[in-house]
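**Student:** Okay, predicted coordinates and the sequence, questions at the end:
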Amino acid sequence: MIEAKDISVSIGGVPVLHAESVRCNSGTMTALVGPSGCGKTTLLHCLGLLLPVDQGQILFNGKDVTKYNSSARRKFWCDHAAFILQDYGIMDEESIAFNVTMHASMFGRRFRGNRERLAKVLEQTGLQGREKELAGHLSGGEKQRLALARAVYKDAELLFVDEPTASLDAVNRKKVFHLLVKFALSGRTVIVSTHDSEMINACGAKYEVGSNSSLHNPSSTDLTGNMGETL
Ligand SMILES: Nc1ncnc2c1ncn2[C@@H]1O[C@H](COP(=O)(O)OP(=O)(O)OP(=O)(O)O)[C@@H](O)[C@H]1O
């Protein structure tokens with residue numbers, strides 16, 4: 001569970017978030033929604049400790065992590081978090097397998113990850129059989145799916161996702177959709193900044209950035225919204 005409590009952020013002296021509070025529960029996919037420029041990405045970055053807040057707190061499983069220094073933040077990212085951000089964070093000069101597993105020997109790029117898990121996530125993201133291809137040769141949509149494959153392979157407790165369906169066709173949108181839903185249903189905390197109405201409908205909780213109000217607060221018996229229907 002990750003939570004923002006009354007956080008405010010200014011960028012370049014311009015207020016972007018004002019006293020925002022949102023709680024993202026485990027086992028749930030939470031949508032950060034609202035018009036372009038309202039601060040969805042900024043809030044996502046604050047929750048992921050990628051951007052410091054000026055006021056308020058970020059709580060991870062109830063623990064105040066707001067003032068973590070750079071080494072504590074690095075450990076938080078390494079141990080608990082996975083990100084699919086707008087630039088996808090793909091290393092173009094590396095293979096697909098390396099980008100997913102982040103494992104290779106220093107010399108010769110010999111594969112050292114978990115082969116079974118790698119094959120499974122590539123299958124789930126429609127990249128099966130392409131382990132050895134250079135990531136730089138992939139299209140934008142394929143890179144987006146590769147970023148998702150990496151996040152699922154890591155199996156992190158927290159998954160931060162910015163516009164996961166932005167450059168995908170209908171078939172791949174559905175694939176990404178199902179994968180994120182399954183991931184949340186397995187007990188993970190998934191936070192998605194999105195304009196995609198189908199994606200928003202699949203989320204168990206929705207928070208309108210800038211309105212200071214949750215659109216839907218999941219009760220204990222309805223932690224997943226209509227995620228089950230999506231599967
Ligand atoms: N690095 C930056 N420098 C200056 N202004 C910024 C920066 N990052 C964000 N902003 C401003 O903060 C506001 C919120 O941006 P943010 O990207 O969080 O919005 P968003 O809701 O995610 O938008 P979109 O739906 O278009 O992606 C915008 O007005 C944007 O111009």
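**Tutor:** Done, it's in.

**Student:** just the strands in this protein please.
**Tutor:** Counting by DSSP state E, one finds strands in the chain at the ranges 2-11, 14-24, 28-33, 55-60, 63-64, 81-84, 158-162, 189-193, 205-208, 213-216.

**Student:** which residues are contacting the fourth one?
**Tutor:** What it means is strand 55-60. 1-8, 19-21, 46-47, 49, 64-66, 76, 80, 158 (C-beta atoms under 8 Å, 6 or more residues apart in numbering). Placement of C-beta: from N, CA and C, glycine included.

**Student:** Show me which positions of that strand end up buried.
**Tutor:** Of all the residues in strand 55-60, those buried under the rule 16 or more other C-beta atoms under 10 Å are 56, 58-60.

**Student:** Take the residues you listed and lay them out in CSV including pLDDT.
**Tutor:** Below are the buried residues of strand 55-60 laid out as CSV (pLDDT from 0 to 100):
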residue, pLDDT
56, 97
58, 98
59, 98
60, 97
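
**Student:** Turn those residues into CSV, including distance to residue 179.
**Tutor:** Shown next, in CSV, are those (distance: C-beta to C-beta, whole Å):
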residue, distance to residue 179
56, 32
58, 26
59, 27
60, 24
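
**Student:** Which two of those residues have the greatest separation?
**Tutor:** 56 and 60 (14.2 Å; C-beta to C-beta).

**Student:** Surely residue 114 is in contact with residue 101?
**Tutor:** Yes: between residue 114 and residue 101 there is a contact under C-beta atoms under 8 Å: 7.1 Å.

**Student:** which bits of the protein sit near the ligand?
**Tutor:** Within the chain, the residues that sit near the ligand (C-beta under 6 Å from any ligand atom) are 11-12, 16, 34, 36-42, 193.

**Student:** Please verify my assumption that residue 3 contacts residue 25.
**Tutor:** No: using C-beta under 8 Å, residue 3 is not in contact with residue 25; the gap is 9.0 Å.

**Student:** so how far is residue 45 from residue 175?
**Tutor:** 26 Å (C-beta to C-beta, to the nearest Å).

**Student:** I'd like to know how many residues surround the residue nearest to residue 145 when sequence neighbours are not counted.
**Tutor:** Nearest non-adjacent residue to residue 145, counting by C-beta to C-beta, 6 or more residues apart in numbering: residue 125, 4.2 Å away. When neighbours are defined as other C-beta atoms under 10 Å, residue 125 has 24 of them.
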